[in-house]
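S.K.: Let's see this in three dimensions:
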Amino acid sequence: MTTAGRVMIADRVLERIATRALTEVDEIGGVARRVLGVRLGENGAETAPRVEAHVDGKLATLRMSVSVVYPAPVRQVARRARDHISQRLGELTGLEIRQVDINVATLIPAERRQERVS
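M.R.: Reported below is the predicted structural model:
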């Protein structure tokens, strides 16, 4: 007799998958890391978004900090990102994404935006 096992996904793994999935959303970029309030690097499409995840059984919650290309409508971009992350992570991990909080940390002028390299 065999018993079915369980697959557990670590928070850090979900964070990395979510960070990659955010690169699939147009007009979303990352935010520079900060140390003691001092920005290290640049905000923008070439920088990774910051994602924190918590997995509890089959439920997951995410908190992310991103930049948005200006003049894109911030609410619509955030909604698209939230929908995409929920769908994509559900497909890839089988987890139910219960909550996705998005903090838009900065706006990036469209002329400063650099194309993403995949």
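S.K.: Grab the longest helix from the protein for me.
M.R.: As assigned by DSSP state H, the longest helix anywhere in the chain is helix 74-93.
S.K.: tell me the mean pLDDT for stretch 83-94?
M.R.: For stretch 83-94, the mean pLDDT works out to 94.
S.K.: same question, stretch 107-118
M.R.: Per-region confidence: stretch 107-118 scores 63 on mean pLDDT.
S.K.: all strands of the chain, in order?
M.R.: Listed in chain order, the strands of the chain (DSSP state E) span 28-29, 33-35, 38-40, 50-56, 59-70, 96-109.
S.K.: helices or strands next to the longest helix of the chain in the packing?
M.R.: Judged by 3 or more CB pairs under 8 Å, 6 or more residues apart in numbering; DSSP states H and E, the packing partners of helix 74-93 are helix 11-22, strand 59-70, strand 96-109. For every residue, glycine as well, the C-beta is placed using N, CA and C.
S.K.: Deepest in the core, which of these is it.
M.R.: strand 59-70 (a mean of 20; mean count of other CB atoms under 10 Å).
S.K.: send the alpha carbons of that strand over as PDB?
M.R.: What follows is strand 59-70, C-alpha atoms only, in PDB (Å, rounded to 0.1, in the frame of the first residue of the first chain):
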ATOM      1  CA  LEU A  59      -3.000  29.100   1.000                       C
ATOM      2  CA  ALA A  60      -0.600  31.900   0.200                       C
ATOM      3  CA  THR A  61      -0.400  35.600   0.800                       C
ATOM      4  CA  LEU A  62       2.000  38.000  -1.000                       C
ATOM      5  CA  ARG A  63       3.200  41.500  -0.400                       C
ATOM      6  CA  MET A  64       5.100  43.200  -3.200                       C
ATOM      7  CA  SER A  65       6.800  46.600  -3.800                       C
ATOM      8  CA  VAL A  66       7.000  47.700  -7.500                       C
ATOM      9  CA  SER A  67       7.400  50.700  -9.700                       C
ATOM     10  CA  VAL A  68       5.000  51.700 -12.400                       C
ATOM     11  CA  VAL A  69       5.800  53.400 -15.700                       C
ATOM     12  CA  TYR A  70       4.300  56.900 -15.800                       C
END
